[in-house]
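Participant: here is my input, please return the structure:
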Amino acid sequence: MRKFGLIGKQLAHSFSQDYFTQKFQKQHISDCIYQLHEIASIDQLPDLVRQNPELVGLNVTIPYKEQVIPLLDTLSPEAASIGAVNTILVGKNHTLHGFNTDVHGFRLTLERHLPVIHTSALILGTGGASKAVAYILGERGVKFTLVSRKRSKATISYDQLKQEHYDTHRLIVNTTPLGMFPNIESSPTIDYNLLTNQHTLVDLVYNPTVTRFLAQGKCQGAVTVNGLEMLHAQAEESWKIWNKQSEA
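Facilitator: From the prediction side, this is the model:
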């Protein structure tokens, strides 16, 4: 039996287990199982791997996408450049190899849903998912501004956003968990009244499919895209990596 799983702090509403369980059933893959592993600290990862000798691969979610890196034996070039990992391949002798498949998912989302080339974007949030988004926008030549709760050398704060930011940054990507079930009434504190039909809002949150962030943007005529397709794409990319374990 080959084992796969997800590590994170709070996984009760995770998409991954249902997705892979259904995938295994539909494709008649009988020798695989996908499990959730809630861990209180990333330092528990080595023990988890040792206690599960059949473990082949792991997905990584909040808050460990960056914290996991020091525990890995190798990083893919993209993961190293981004500074965040959401997929781990477990190799021989419990070696851990880090990848970032969020970049594949976000790249695919832009290709399919954004025929209009935006030149500037606001990225809401500064976590691991934000780094993958920034990487892809940079790849496409899109200038971006990072927005966080607190101002820093690399970011501006939400209360610093002005009319000019909305006029020049027509693509806005939410990489925070705000609005995710069960806290569906929350949303990033941007000025939704300044959005227009020239704006595109992308939310990496996938549950609910229409978050408050997207709903408020839609009311202003903005194009809206949720995170479900990105989630599917990154999951499938993880599966491809895990099935190359003999090469690790």
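Participant: buried sites along the lowest-mean-pLDDT helix or strand in the chain?
Facilitator: Within the chain, no helix or strand scores below helix 102-113, which has a mean of 91 by mean pLDDT, DSSP states H and E. Within helix 102-113, the residues scored as buried using 16 or more other CB atoms under 10 Å are D102, V103, H104, G105, F106, R107, L108, T109, L110. Quick note: C-beta positions are derived from backbone N, CA and C, even for glycine.
Participant: ok, stretch 205-222 next?
Facilitator: So for stretch 205-222, counting by 16+ other CB under 10 Å, buried means V205, Y206, N207, T211, R212, F213, L214, Q216, G217, A222.
Participant: coming back round to it: can you tell me what sits against the least confident helix or strand of the chain?
Facilitator: Applying CB atoms under 8 Å, 6 or more residues apart in numbering, the contact partners of helix 102-113 are 78, 82, 84, 86, 128-129, 132-133, 135-136, 139-140, 200, 202, 204, 223, 225, 229-234, 237.
Participant: mind redoing it with 6 Å?
Facilitator: 78, 86, 129, 132-133, 135-136, 225, 229-230, 233-234, 237 (CB atoms under 6 Å, 6 or more residues apart in numbering).
Participant: what about it, distance to the chain center?
Facilitator: Counting by CA atoms, centre = their mean, to the nearest Å, helix 102-113 is centred 11 Å from the centre of its parent chain.
Participant: got it, and stretch 215-225?
Facilitator: Worked out by CA atoms, centre = their mean, stretch 215-225 lies 21 Å from the chain centre.
Participant: show me what secondary structure element comes after the least confident helix or strand of the chain.
Facilitator: strand 120-124 (DSSP states H and E).
Participant: for the record, mean pLDDT for that next one?
Facilitator: Taken as a whole, strand 120-124 has a mean pLDDT of 97.
Participant: one more: stretch 201-211?
Facilitator: Stretch 201-211 shows a mean pLDDT of 94 in the predicted model.
Participant: kindly report the same for stretch 231-241.
Facilitator: 96.
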